[in-house]
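Visitor: Return atomic coordinates for the entry below.
(one chain, ligands or ions: 1)
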Amino acid sequence: MTDKEDPKKGKEKRGTSKEVCGYPLSIFFIVVNEFCERFSYYGMRAVLVLYFKYFLRWDDDLATSIYHTFVALCYLTPILGAIVADSWLGKFKTIIYLSIVYAIGQVAMAVSAIHDITDTDRDGTPDNMTFHVVLSMVGLFLIALGTGGIKPCVAAFGGDQFSDHQDRQRRTFFSVFYLCINGGSLLSTIITPILRAQDCGIHSQQKCYSLAFGVPAALMLVALVVFIVGSGMYYKAEPQGNIMLDVCKCIGFAIKNRYRHRSNQYPKRQHWMDWAEEKYDKLLIAQIKMVLKVLFLYIPLPMFWTLFDQKGSRWTLQATTMNGHFGSLVIQPDQMQTVNPILILTLVPIMDSVIYPLINKCGLNFTPLKRMTVGMLLAALAFVCAALVQIEIDKTLPTFPSTSQSQLKLLNMGSETVTVKMPGNDPLNLAAAQASNEYFTFEAGQIDISIGHPEVRNTISLAKGQRQTLLIPSNITEEWLMTDDITSKPQEGNNAIRFVNGMNTTVNVSIPAANFGLIEPFSYSNYSLIKNGKVTFTLWSGSQSCEYSTDFGFGSSYTFFIPSTLVFGPNCQESITAAEDIKPNSVHMALQIPQYFFITAGEVMFSVTGLEFSYSQAPSNMKAVLQAGWLFTVAIGNFIVLIVAELAKLPKQWAEYVLFASLLVAVCFIFSIMAYFYTYIDPAEIEAQFKKNVNEDDEDNKHKLQKTEVEMNKRDSIKCHDEDDKDKQTKM
Ligand SMILES: CC(C)C[C@H](N)C(=O)N1CCC[C@H]1C(=O)O
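Guide: Numbers count the residues shown, from 1 in each chain. So this is what the prediction gives:
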């Protein structure tokens, strides 16, 4: 590839790519590649836990820990990809080779999800699960290597396509790049769960995980092909030898040399890296200084991702305690997460074309580091909103008994009203086939209850920390039955349903999604978890049946009572009574939108800016390495969620949200101080200066090198990236 000179500026013009509206055409292939790759990654990730649970038949704990390990690995492997790209293969070849690895991994996942491969007895279940487990683990490892490995290279390779004077276009590229990440992820997280829900298979019909993994695999192949098609148009910066090894050796030498000259008799040097001057090229030392300065600035950043990543965990759990009915549309708790990419798609253009130019017009110098600081504050604000929503939810949650208490509900199974007397309560009249509206709270232990006229007395034992229902038989002199009720909100927005059979014949209750089994006379079924929406139960007694339809919200619990008077047939619906044990969620999921809005606005300011900042502040030979450093902050954030969020569990969820918001504000304060002392640089300019100086005569050369160095270290000589691409003296 021949690099041309830009006659106007005398600066390097990148590649042989045609330009469209001032943008190199080559970046079209890069953003399409990113779109397909993110579709592939997020699509596969969307069904991964379900694959572990329902295909590999792992328990919840194993499924979630392998899932999180995989995600963490995906953000650790960028270091590897960046080192290979910057030191050895160059970005272009690294992307091609690792994309092939990635696509093989996706294909392995798709193949591992085909039942029929090992289903020799044709019973619809795999006979050799080890084959599926091993193949899928190999697949996941290759995917982690591929997706992580290419990620810093693709972003940096995109940035490389712009000439030095195209700062504005390059910034827009990083915004479009982020749009593609989120466009791809949004589409795939909608599509792959639908594909998974299809039935497919050769010998028996199963949920179609192979299709749900197969389509992302196909998209990864498309990503690879698109990237190769653009091959002739790219600017491909050559790697400059084993740069990472040189960097490590140079840093090691500087530390050793500094230690050797620790005595006061040696004059101090401006920077500790200057102690490598005896042995290493000044340009390399200057480049290492650039990288270290940025990496130092990154130390507080994982805290942002710690909060950001809780969207997928804590916020989704919060959504499970909320009501997801949006008119006729029902949103599932985990679907709320798609609000993030949707908002990205709207906020990135708004920020770029309205907000930032407006701020600029007001004369404010909204530097990249200022944007990132505001982004962090917005994320903290999102957590304050989450805390307020949590307080609202807490008000609506039932009060469950403490460990020393017990709660009791009453259900009259008879066909006549009965009066119940319990200690500390007024006499209670219970109509036929009715339950008490509430649970009565007692200290656990034995209590005396009397029922009816003449009174029948009984002493019943209440279990500690339990909720129970006393089933009062139609003949109150018969034995009284106590059920064990649930003592927490059903998980994941499901509804916990059970049936009490007051008839003197056995009843079978079923719905397409669950079977309550045979319920003996005067007995009750176990709870079954049912999704929200309309459900029709079919009750069978011998050959007679009865259909009972009802609509469920989110997170409720009901006991349905089948009275002795039930007449099977078309009008049986009215005879069945429903006792509400736990109210459905009433706080609306729409209340989560403000917190999603703030975290996404924060992400746009923080992450899109950080991506571009990492590119613009990196020396030419370590662009991918600094991108990997940026992605490493995401990985650390993931780890903190896994570890600290578990340890930091406070009794009140809202308090935990406030704690995280405060932590981020504290970290943001530290970051803003660090940012104040950061000097923006133009690595290309500095490198050019060094190279030029090296060619001049010795005396002059020495003098200029010193001058360049002083300039580099001077905080005020900074190049700021304002909207008009003017150099400005800027500090936070
Ligand atoms: C979680 C969303 C689907 C994607 C998110 N908005 C995002 O773009 N990212 C989260 C980590 C960095 C970045 C990505 O590159 O995926």
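
Visitor: gap between T367 and the ligand?
Guide: According to C-beta to the nearest ligand atom, to the nearest Å, T367 and the ligand sit 22 Å apart. In this view, the C-beta of every residue, glycine as well, is placed from N, C-alpha and C.

Visitor: what sits against whatever residue of the stretch 501-650 of the chain ends up closest to the ligand?
Guide: As assessed by C-beta to the nearest ligand atom, the ligand sits closest to V634 within the stretch 501-650 of the chain, at 5.2 Å. With contact set as C-beta atoms under 8 Å, 6 or more residues apart in numbering, V634 has these partners: Y75, P302, W305.

Visitor: can you list contacts of the host helix or strand of V291?
Guide: Assigned by DSSP states H and E, V291 belongs to helix 282-298. Residues from elsewhere that reach helix 282-298 (C-beta under 8 Å, 6+ apart): 246-247, 250-251, 254, 271, 273-274, 276-277, 369, 613-614, 617-619, 621-622, 625-626, 629-630, 632-633, 671, 674-675, 678-679, 681, 683, 686-687, 690-691, 694, 705, 708-709, 712.

Visitor: One more: stretch 263-274?
Guide: Contacts for stretch 263-274 (C-beta under 8 Å, 6+ apart): 250-251, 254-255, 258, 275, 277, 285, 288-289, 292, 709, 713.

Visitor: Please pick the buried ones from the residues you listed.
Guide: C250, I251, A254, R258, W275, E277, I285, I288, K289, E709 (16 or more other C-beta atoms under 10 Å).

Visitor: could those go into CSV alongside pLDDT?
Guide: Formatted as CSV, these follow (pLDDT from 0 to 100):
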residue, pLDDT
C250, 94
I251, 94
A254, 95
R258, 93
W275, 94
E277, 92
I285, 94
I288, 94
K289, 94
E709, 56
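
Visitor: Provide a list of residues in contact with the residue nearest to V176 when sequence neighbours are not counted.
Guide: Setting aside the residues directly before and after it, V176 is nearest to V31 in space (C-beta to C-beta, 6 or more residues apart in numbering), at 5.6 Å. When contacts are counted by C-beta under 8 Å, 6+ apart, V31 touches G158, F173, V176, F177, C180.

Visitor: out of the residues you listed, who has the most neighbours?
Guide: Neighbour count (other C-beta atoms under 10 Å) singles out G158 as the most crowded of those, with 26 neighbours.

Visitor: Hmm, I27 and that residue touching each other?
Guide: Yes: applying C-beta atoms under 8 Å, one finds G158 in contact with I27, separated by 5.7 Å.

Visitor: Overlap of the contact sets of these two?
Guide: In contact with both G158 and I27: F173, using C-beta under 8 Å, 6+ apart.

Visitor: closest point of the chain to the ligand, which residue?
Guide: S185 (3.8 Å).

Visitor: want to throw the contacts of stretch 263-274 into a markdown table with distance to L195?
Guide: Below are these laid out as a markdown table (distance: C-beta to C-beta, whole Å):
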| residue | distance to L195 |
| --- | --- |
| C250 | 51 |
| I251 | 49 |
| A254 | 54 |
| I255 | 54 |
| R258 | 58 |
| W275 | 58 |
| E277 | 59 |
| I285 | 53 |
| I288 | 48 |
| K289 | 50 |
| L292 | 46 |
| E709 | 58 |
| N713 | 56 |
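
Visitor: can the residues you listed go into JSON lines with extra columns for distance to the ligand?
Guide: JSON lines is the format used below for these (distance: C-beta to the nearest ligand atom, whole Å):
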{"residue": "C250", "distance to the ligand": "31"}
{"residue": "I251", "distance to the ligand": "28"}
{"residue": "A254", "distance to the ligand": "33"}
{"residue": "I255", "distance to the ligand": "33"}
{"residue": "R258", "distance to the ligand": "37"}
{"residue": "W275", "distance to the ligand": "37"}
{"residue": "E277", "distance to the ligand": "38"}
{"residue": "I285", "distance to the ligand": "32"}
{"residue": "I288", "distance to the ligand": "27"}
{"residue": "K289", "distance to the ligand": "27"}
{"residue": "L292", "distance to the ligand": "23"}
{"residue": "E709", "distance to the ligand": "36"}
{"residue": "N713", "distance to the ligand": "33"}
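
Visitor: For L664, grab the count of nearby residues.
Guide: By other C-beta under 10 Å, 26 other residues sit near L664.

Visitor: my guess is S525 contacts I519, does it?
Guide: Yes: if you go by C-beta under 8 Å, S525 and I519 touch, sitting 5.0 Å apart.

Visitor: mind checking pLDDT for F383?
Guide: Looking at F383, its pLDDT reads 97.

Visitor: which residues sit in contact with it?
Guide: Contacts of F383 (C-beta under 8 Å, 6+ apart): L307, Q595, Y657, V658, F660, A661, L664.

Visitor: Pull out the buried members of these.
Guide: Buried among those by 16+ other C-beta under 10 Å: L307, Q595, Y657, V658, F660, A661, L664.

Visitor: Phi, psi for Y266 please.
Guide: phi -90, psi 130 (degrees, to the nearest 10).

Visitor: go on, T459?
Guide: Note on T459: backbone dihedrals following degrees, to the nearest 10 are phi -110, psi 120.

Visitor: now it: how far from D167?
Guide: 83 Å (C-beta to C-beta, to the nearest Å).

Visitor: With L539 instead?
Guide: 71 Å.

Visitor: same check, this time on I288
Guide: Taken as C-beta to C-beta, the span from I288 to D167 is 24 Å.

Visitor: do the same with D199
Guide: Taking C-beta to C-beta, one finds D199 at 53 Å from D167.

Visitor: Please say which of those two ends up with more neighbours.
Guide: The neighbour comparison of D199 against D167 (other C-beta under 10 Å) goes to D167, with 20 against 9.

Visitor: Isn't that one up against Y615?
Guide: No: between D167 and Y615 there is no contact under C-beta under 8 Å: 10.6 Å.

Visitor: of all the contacts of V634, which comes closest to P427?
Guide: W305 (59.2 Å; C-beta to C-beta).

Visitor: With adjacent residues omitted, what lies nearest to that closest one?
Guide: Closest to W305 by C-beta to C-beta, 6+ apart is G637, at 2.3 Å.

Visitor: Quick one, grab the pLDDT at that neighbour.
Guide: pLDDT at G637 comes out at 89.

Visitor: which bits of the protein sit near the ligand?
Guide: Counting by C-beta under 6 Å from any ligand atom, the chain comes close to the ligand at Y42, I181, N182, S185, N340, P341, I344, E603, S607, V634.

Visitor: again, 8 Å this time
Guide: Selection of the chain residues close to the ligand by C-beta under 8 Å from any ligand atom yields 38, 41-42, 75, 151, 178, 181-182, 185-186, 189, 305, 308, 311-312, 337-338, 340-341, 344, 600, 603, 607, 631, 634.

Visitor: What subset of those residues is buried?
Guide: So, of those, 38, 41-42, 75, 151, 178, 181-182, 185-186, 189, 305, 308, 311, 337-338, 340-341, 344, 600, 603, 607, 631, 634 end up buried under the neighbour-count rule (16+ other C-beta under 10 Å).

Visitor: Relative to Y234, how far out is K370?
Guide: Taken as C-beta to C-beta, the span from K370 to Y234 is 33 Å.

Visitor: which of those two has more neighbours?
Guide: Higher neighbour count among K370 and Y234: Y234, with 25 against 18, using other C-beta under 10 Å.

Visitor: That one against F92, yeah?
Guide: Yes: Y234 sits in contact with F92 when judged by C-beta under 8 Å, with a separation of 6.2 Å.

Visitor: tell me, what's touching the two both at once?
Guide: What both Y234 and F92 touch, as defined by C-beta under 8 Å, 6+ apart, is the set F157.

Visitor: What's the end-to-end length of stretch 224-244?
Guide: End-to-end span of stretch 224-244 (C-alpha to C-alpha, to the nearest Å): 27 Å.
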